[in-house]
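S.K.: give me the fold of what follows.
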Amino acid sequence: MANSRPSPLMMLLGAVILFSANVFASAAVLGIDLGTQYIKAALLKPGTPLEIVLTKDSRRKETSAVAFKPLNSGPKAAQFPERLYGAKAMAVAARFPDEVYPNLKTLLGLPVDDASVQEYAARHPALQLQAHSTRGTAAFKTKTLVPEEDAWLVEELLAMELQSVQKNAQATAGHGSSVRSVVLTVPSFYTVEEKRAVHLAAELAGLKVLSLISDGMAVGLNYATSRQFPNINAGEKPEYHLIFDMGAGCTTASVLRFQSRTVKDVGKYNKTVQEVQVLGSGWDRTLGGDSLNYLIMDDMVSQFVETQAAKGISATAQGVRSHGRTMAMLAKEAERLRHVLSASQNTQASFQGLYEDVDFKYMVTRDDFETMSEAHAKRIEAVINDAIKMSGIELSDMTSIILHGGATRTPFVQKALEKAAGSADKVQSTVNSDEAAVFGAGFRAAELSPSFRVKEIRIFEGPMYAAGLKRANGEKRQRLWTAISPLGGVAKEITFNDHDDFALSFYQQVGDDDRDIASLSTKNLTATVAAIKEKYPSCVESEIVFKLGVKLLGENGEIQVVRAAVECEAEVTVKERIVDGVKNLFGFGKKDQKPLKGNGKNADSKKPEGSEEVPKEEAKSSASSSSSTTDSSTASSSSESAAPSEEVREVKQKQTVSIPVEVVLEKTGAPTLTKSELVKAKDRLKAFAASDKAKAQRAEALSQLEAYTYNVRDLLDGDSFIDASTEKERADLAKQSSEIGDWLSGDGADATTEILKAKLKILQDVVVPVQTRIEEAEKRPGRITALKDSIKRISEYLDSIHKQIAEYEEWEATASSASASGSSTTSASAETPTGEFDGLEDDDAKDTKNDNKPEEQPGPIPPLFKKEELKDLETLVKTTSEWLSEMQPQQEKLPSNANPVLLVKDISEKIQKLDKVSMDLALKGAKGFGGKAKKAAQNLKKGKSKKGEGAEDFKGQRFTEEQLEEMLEKIKAMEKEKKPEKTEKTEKAKESSEKPGHDEL
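M.R.: You can find the predicted model right below:
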């Protein structure tokens, strides 16, 4: 048989499968709740459940803020400032209000003149807001970079925050895991433009967006993961819940339907799946925790300007609001006060040097706060009514109102919800109001990833805005999708009567405004219409139409073209047999199979001359083995013979024919970054990341050097260090430590990483040898004792093996001489007479007679090794002992402050080598012993004797190191006892001698 060797292609395929399996095994997915004030992330990796990604300071959520800390030397070309994230970024807001960028989510995808952008600029007056040159959206100029640098896009700043989250997730996942695939939550009111901005930020951060999911759907998905809902196939009614989400930036209310359904599974089986669908949503873009903070801030400003101290400096409300540092201080305190008022009736705040060195003390009660918030409470009811109206479900039909978001803990918000619901029982906190959305996003990420298998929950969510198409000239306008049409649903097909190339646009209706989101133009419609006329002349020109199939992508709601073709109904010539035509006429259908000839009864009655009768068994086997060949050959021959005998004719039938049309679909709206601009933005973010890494390495080197200088001072006073070092070494170390300490206080603060490491090495070159002497002196005695014990133990073992070999050789010589002297007697007695009754005895009687023969006494146990096999270990023991005898006196002569010659490392290597060689020898002997034991067990079984202990223990086993050591101990114990056990045959002989023999029976 030829040796089949795998081809290079198969080897490559195997490698691809292997590496892809490893990639899938280590791939992790991330769910990110992109909140206005906080960002939360949930990680799922193979083998572990969903877990919250902790920040660097072990918090479960990260403040949505990034800050640039200016360099002490000022901005320089190709240099980046220090970046701060989260709470650390907000901590420097009072010092650098023009370099801290919080709550960027409210600016995504919006032009600079949008009301939300203008409100943000008013609340953060120190930031240098400007329009981006290409996109026209918000961008920020920073003073930490040279003026020639471009302003930072909002998407770039958000990408930095996402990179920070990804870095924390990577640390949580551990080495070997890749964290790139994410599902991001967005508000339900996000338009296509805003979703594109989120995608751009994720792309700049190097993340792969599996899908976007609304906040309400994410909470509902988390709610459904641990529950079962009514099965509509059984006639049960679905559950309806309203998800009320009030965070820092906005408020949304989503009506969700929860139900289960029985669907077809693999084969004949069915399965039950859960379904969650958003039926409607309402929102308020500016109602949230931040807007409540602004109420307190405005009240602070109003009270501050009325104080006598503020009037003394002619402070105005406009001047205070335009002061960046003052507004940053007020914003921080306003949030704290609001949180306190959720649990207390009153609170206060004090400011030192709030504005132009004027102090201010502010007091507020819960009643005052609720009075300021009366208009906001009415807006809450409007949000709920909008969601109810869109869904068509009455609030009385709702099972519950599920709360989510930090602002829902505000007392007046809960009162407004209870009033809208008509009962306090409906307002429930059945989910984690802070983390339900992020867990829902993480579950969705696991569902979309091929690396995980989770509970099947089908979700249906609409774009929340109606969408359609319109012609470029505005003559035709058609709505294709409603606000709740499921994303990723069935494609819509539109028919056009145009025969020439044309263009159209897709819009999204936001309020009363139709915002273009994509444009489509045909490239070869005119040529395709001409081609279909030429190919199918029977096509009526007025019936030639252009059909376009489009759908909304489930991941982000973008337009996708699934089909574009020119169609018409034409007469097509097809070939048909006459018989088929007649059958078709009467409705019998086509029958291509003809009856096979020679299979009737007469076929079996006649046999060829000279044939022989075949037995039934042979006939059955031959028939079964050749059935497939006969059937296939008969079928093929019949079809070939039938082909020329039937007449075929050409007939004309009407069919719908089509030819594809090339179309171009382009995104419209806010201009996207060009390819060069996108590459430039990514490169700048990479350079910033490299700068951060270099700064972190320098900070670590500086910290190590400073700590080492303090450690050196303690070492110089230690008794052990003094004993192990010379006077000169201590003097040099003290001098170097003092000089480096002074240098760090001066020019060393701005030194590079390489210089700091070089300074550290100067100190280590003196300290490390001394510390090595101390460690060697502490560990050496124990290692020497261990080496001596190992030599002694192995030497005793070798002596016992040599003694065993000598005893066995002596016994073998005695046994061979005895065997030679009794050979003549044995040969004579071996011959026995034969008679006519030989072989009539039963087996038991034969065994009894044979067992009555005298048994030979067993000899000593055969040695496990030969003398030649012990030479390597004996040589190693001898050389190791000589080495230790030579090196130990040399080491004892050295003073304690001299470098040792007998190293702990060398002693440990000697011990390891002795252990390895001795273990290899033991394994070799045990392998041979196991083979002998197995053979002996087989011989005992053939002789109908009971199994001995050795055969039971070692029959056909692979021995572990522990078993081998136990077995060697047993062998030593057997050698010491020197009491040979009686064999089983001897015992049987004694028992049989007491039983009646064959003659007595």
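
S.K.: which residues touch residue 668?
M.R.: 505, 516-519 (Cβ atoms under 8 Å, 6 or more residues apart in numbering). The C-beta positions use only the backbone N, C-alpha and C, and glycine is treated the same way.

S.K.: among those residues, the buried ones, what's the ChimeraX command?
M.R.: Remark: buried members of the contacts of residue 668, expressed as a ChimeraX selection using 16 or more other Cβ atoms under 10 Å:
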select :505,517,518,519
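
S.K.: can you tell me which of the contacts of residue 668 is nearest residue 869?
M.R.: residue 518 (83.2 Å; Cβ to Cβ).

S.K.: what are the phi and psi values at that closest one?
M.R.: phi -160, psi 160 (degrees, to the nearest 10).

S.K.: now residue 330
M.R.: phi -70, psi -40.

S.K.: grab the nearest non-local neighbour of it.
M.R.: Spatially, and ignoring its direct neighbours in sequence, residue 330 is nearest to residue 297 (4.8 Å; Cβ to Cβ, 6 or more residues apart in numbering).

S.K.: secondary structure of residue 396: a helix, I assume?
M.R.: Yes - checked against DSSP: H, G, I helix; E, B strand; the rest coil, residue 396 lies within a helix.

S.K.: residues near it, how many?
M.R.: The local packing of residue 396 (other Cβ atoms under 10 Å) involves 9 other residues.

S.K.: separation between the closest residue to it other than its chain neighbours and residue 393?
M.R.: Nearest residue to residue 396, sequence neighbours excluded (Cβ to Cβ, 6+ apart): residue 422, at 7.6 Å. Computed as Cβ to Cβ, to the nearest Å, the residue 422 to residue 393 distance reads 15 Å.

S.K.: higher neighbour count, these two?
M.R.: Taking neighbours as other Cβ under 10 Å, residue 422 and residue 393 compare with residue 393 leading, 18 against 10.

S.K.: SS state for the more buried one?
M.R.: coil.

S.K.: now the chain, which segments are flagged as low pLDDT?
M.R.: Applying pLDDT under 70 to the chain picks out residues 1-26, 474, 576-647, 821-859, 928-1001.

S.K.: how distant is the one helix or strand residue 791 maps to from the center of its chain?
M.R.: Assigned by DSSP states H and E, residue 791 belongs to helix 753-821. Per Cα atoms, centre = their mean, to the nearest Å, the displacement of helix 753-821 from the mean C-alpha position of its chain is 47 Å.

S.K.: elements contacting the lengthiest strand in the chain?
M.R.: Counting by DSSP state E, the longest strand found in the chain is strand 559-577. If contacts are counted by 3 or more Cβ pairs under 8 Å, 6 or more residues apart in numbering; DSSP states H and E, strand 559-577 sits against strand 513-522, helix 525-535, strand 545-552, strand 648-660, strand 663-667.

S.K.: any chance of CSV for these, columns distance to residue 815?
M.R.: Listed next are the helices and strands packed on strand 559-577 as CSV, based on distance: least, Cβ to Cβ, whole Å:
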stretch, distance to residue 815
strand 513-522, 101
helix 525-535, 104
strand 545-552, 95
strand 648-660, 97
strand 663-667, 99
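
S.K.: and those: which comes nearest residue 28?
M.R.: strand 545-552 (29.2 Å).

S.K.: what residues of the closest one count as buried?
M.R.: Buried residues in strand 545-552 (16+ other Cβ under 10 Å): 545-546, 548, 550-552.

S.K.: stretch 871-887 now?
M.R.: 873, 876-877, 880-881, 884, 887.

S.K.: ok now stretch 217-230, how far from the chain's centre?
M.R.: A distance of 23 Å separates the centroid of the chain from that of stretch 217-230, by Cα atoms, centre = their mean.

S.K.: start and end of it, how far apart?
M.R.: By Cα to Cα, to the nearest Å, the extent of stretch 217-230 from end to end equals 19 Å.

S.K.: pull up the pairing partners for the helix or strand where residue 180 lies, direction included.
M.R.: According to DSSP H and E, residue 180 maps onto strand 178-186. Sheet pairing of strand 178-186 (DSSP bridges) gives strand 27-34 (parallel), strand 208-214 (parallel).

S.K.: ok, then the element right after the longest one?
M.R.: Using DSSP H and E, the helix or strand that follows strand 27-34 towards the C-terminus is strand 38-44.

S.K.: quick one: distance of the helix or strand hosting residue 371 to the chain centre.
M.R.: Secondary structure from DSSP H and E places residue 371 in helix 366-372. When distances are taken as Cα atoms, centre = their mean, helix 366-372 is centred 48 Å away from the chain's centroid.

S.K.: related to what we said a few turns ago, that's a strand at the residue nearest to residue 330, yeah?
M.R.: No - counting by three-state DSSP, residue 297 falls outside a strand, being helix.

S.K.: what number of residues lie near it?
M.R.: 21.

S.K.: for it, which residues are in contact?
M.R.: 327, 330-331, 334.

S.K.: from those residues, pick the one nearest residue 445.
M.R.: residue 331 (33.4 Å).

S.K.: checking my notes, that closest one in a helix, right?
M.R.: Yes - counting by three-state DSSP, residue 331 is part of a helix.
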